[in-house]
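> Here is the input, now give the coordinates:
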Amino acid sequence: APPLALLWRHTGGFQNANTASAVVADGTAYFVTRIASQQGGKIYAVDAKTGARKWSFPKNDAGLTSGHIFTTTPT
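Residues are numbered from 1 along each chain as shown. Take a look at the predicted model:
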């Protein structure tokens, strides 16, 4: 109910023309992003209420190999 407020935010790198969208299921939000300081991509699963990370793939901080990003919606 109003007033609405931001609960949490995740900021990733901009992916030009990426058609992927977030998915929320059973209290978990799944989304893809490009790592801002790298060129690789990552997929995240976070708690939809708190934004706390449940897991990410790949586990390293740099994401996928340079130039490789996720461009599809998680299923």
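> Please name the nearest non-neighbouring residue to Thr50.
In space, and not counting its chain neighbours, Thr50 is closest to Trp8: 6.4 Å by C-beta to C-beta, 6 or more residues apart in numbering. All C-beta spots, glycine's among them, are computed from the backbone N, C-alpha and C.
> ditto for Thr75
Closest to Thr75 by C-beta to C-beta, 6+ apart is Val23, at 7.2 Å.
> Val32 is in contact with that neighbour, correct?
No. Using C-beta atoms under 8 Å, Val23 is not in contact with Val32, being 10.1 Å away.
> what about these two, which has more around it?
Val32 (22 against 13; other C-beta atoms under 10 Å).
> Looks like Arg34 contacts Tyr44 (just checking).
No. Using C-beta under 8 Å, Arg34 is not in contact with Tyr44; the gap is 11.9 Å.
> any idea how far Thr28 is from Thr65?
26 Å (C-beta to C-beta, to the nearest Å).
> neighbour-wise, which of those two wins?
Neighbours per residue (other C-beta under 10 Å) separate Thr28 from Thr65, with Thr28 holding more: 15 against 11.
> Burial check on Gly40, number of neighbours?
Gly40: 19 neighbours (other C-beta under 10 Å).
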